[in-house]
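Student: predicted model and sequence follow; I will ask about them next.
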Amino acid sequence: MSAKPQFDIKPTMRRGPPECPSNPAYPEGVDVQQAAPGVPSCRVDLPYPAPERLVWRVRCRRCGYTLAITAAGRADDPRSATVPYRRKLQ
Ligand SMILES: [Zn+2]
């Protein structure tokens, strides 16, 4: 086992106060699902809630998949993301 975490998570593009009200339907955060059911995937736990309105840049060290997730620093922020497993190219 490597000591490095599987995911490299960086805050980027800080954006100031949220533009829209928070969604009361998600008081405990949102699990972002980007992988289709049944396909190989990687799951990442995000820092939750975010410290402010920002975009998380997430990179999977295992397969190289990268994605950007917007957070607002409040209850309905994303708390995890499931992304397709992308086999590393040689
Ligand atoms: Zn991966």
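Tutor: Received, thanks. Numbering: from 1, shown residues only.
Student: can you count the residues close to V83?
Tutor: 21 (other CB atoms under 10 Å). All C-beta atoms are positioned from the backbone trio N, CA, C, and that covers glycine.
Student: could you check how far P51 is from D77?
Tutor: 10 Å (CB to CB, to the nearest Å).
Student: which bits of the protein sit near the ion?
Tutor: By CB under 5 Å from the ion, the part of the chain that sits against the ion consists of 42, 60, 62-63, 65.
Student: from these, which land in strands?
Tutor: 42, 60 (DSSP state E).
Student: would you list the residues of the chain next to the ion in CSV and tack on distance to Y85?
Tutor: Listed next are the residues of the chain next to the ion as CSV, based on distance: CB to CB, whole Å:
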residue, distance to Y85
C42, 5
C60, 8
R62, 8
C63, 5
Y65, 7
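Student: farthest-apart pair in the residues of the chain next to the ion, please.
Tutor: R62 and Y65 (8.5 Å; CB to CB).
Student: quickly list what's touching both of the two.
Tutor: Common neighbours of R62 and Y65, counting by CB atoms under 8 Å, 6 or more residues apart in numbering, are 42, 85.
Student: and the two? which has more neighbours close in?
Tutor: Between R62 and Y65, counted using other CB under 10 Å, Y65 has the larger neighbour count: 21 against 14.
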